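Engineer: build me a structure from this.
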Amino acid sequence: MTELQQTGIEGLDRLIGGIPRGSRNLIYGPPGCGKTVFAMQFLWTGLQAGETVSYDVFDRPWTHIRRYFASFGWDITPYERSRKFIPIQAFPHPKEYPRDPLVRYFSLADFNTMQEIDLELSQAGVTRFVAGDNFEHIFTSLSEEQWMLVEHWTINWCHYDGITNIDIMTEVNERDPVTNRLMDFTFSLAHNIFRFRTREVNGKFRRELRIEKMEGVAHPLDWLPFQITPHGIVMEE
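Structural biologist: Prediction:
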């Protein structure tokens with residue numbers, strides 16, 4: 001039987017039981033719809049279960065992520081110090097500014113270093129991994145051939161090392177043809193796809209998620225409303 005990892009989201013875990021361990025997951029939607037909170041809550045839930053987790057941030061400095069976690073009452077600093085939470089920073093970091101000693105930095109264009117870090121995470125016993133937003137940086141840093149290599153590597157890394165991978169991707173209206181091809185390729189390889197949106201209902205805006213694809217787990221296909229509370233995401237009845 002497939003091992004399922006709880007998301008920590010009240011209501012969602014009752015519906016699906018959790019996310020299959022070792023799977024590749026895409027969280028996709030426009031800005032401000034709850035994608036990053038979903039991923040952070042998944043990592044925090046793993047920490048509370050005694051797991052080792054990791055987060056590779058693309059779209060903001062790591063100090064911002066610490067504050068973002070803390071805003072929901074999730075203090076990750078002790079877990080960073082004990083190496084139960086392993087922070088990685090692929091966000092451009094000017095050499096003039098000091099680097100955080102707890103953070104592992106690397107360049108998106110350096111596939112060899114990425115492989116080394118992935119293997120280090122496997123050896124550290126990481127079971128949950130999130131790759132942050134702004135995949136545009138990756139698409140522009142790598143050739144099509146290199147990106148396909150990264151995708152196939154990641155699929156095998158998740159499967160054979162039992163690491164559940166969540167990639168956060170922001171939906172935009174226009175992209176160049178190459179980026180569209182690479183995104184289609186990425187979506188075709190994903191085991192599970194969660195799509196997020198915001199919409200107006202009876203004069204009020206609400207956030208919703210939909211599980212477009214999920215292998216080996218019973219799940220609804222309709223849009224599910226949720227709220228972002230001071231303690232994270234909570235599904236509405």
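
Engineer: what about residue 165, which SS state?
Structural biologist: strand (DSSP: H, G, I helix; E, B strand; the rest coil).

Engineer: pairing partners for the helix or strand hosting residue 25, with directions?
Structural biologist: Assessed by DSSP states H and E, residue 25 sits inside strand 24-29. Under the criterion DSSP bridges, strand 24-29 sits next to strand 164-170 (parallel), strand 192-201 (parallel) in its sheet.

Engineer: need those strands in a markdown table with mean neighbour count, can you?
Structural biologist: (C-beta placed from N, C-alpha, C; glycine too.) As requested, the strands paired with strand 24-29 are exported to a markdown table (neighbours: other C-beta atoms under 10 Å):
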| stretch | mean neighbour count |
| --- | --- |
| strand 164-170 | 23 |
| strand 192-201 | 16 |
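
Engineer: would a markdown table of these with mean pLDDT be doable?
Structural biologist: Listed next are the strands paired with strand 24-29 as a markdown table, based on pLDDT from 0 to 100:
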| stretch | mean pLDDT |
| --- | --- |
| strand 164-170 | 93 |
| strand 192-201 | 94 |
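
Engineer: average pLDDT for the strand holding residue 25?
Structural biologist: In this model, strand 24-29 has a mean pLDDT of 94.

Engineer: low-confidence ranges in the protein?
Structural biologist: 1, 91, 134-142, 173-175 (pLDDT under 70).

Engineer: check which residues of the longest helix along it are buried.
Structural biologist: For the chain, the longest helix by residue count, based on DSSP state H, is helix 144-161. The neighbour-count check on helix 144-161 (16 or more other C-beta atoms under 10 Å) flags 147, 148, 150, 151, 154, 155, 157, 158, 161 as buried.

Engineer: tell me the angle that helix makes with strand 24-29.
Structural biologist: Helix 144-161 and strand 24-29 are oriented at 120 degrees to each other (axes from the mean of the first three to the mean of the last three C-alpha atoms, to 10 degrees).

Engineer: surely residue 125 meets residue 52?
Structural biologist: Yes: between residue 125 and residue 52 there is a contact under C-beta atoms under 8 Å: 4.8 Å.

Engineer: helices of this structure, start to end?
Structural biologist: Going by DSSP H, the chain shows helices at 12-16, 35-48, 62-70, 77-81, 111-123, 136-141, 144-161, 177-189.

Engineer: show me the one of those helices that comes nearest residue 221.
Structural biologist: helix 12-16 (11.5 Å; C-beta to C-beta).
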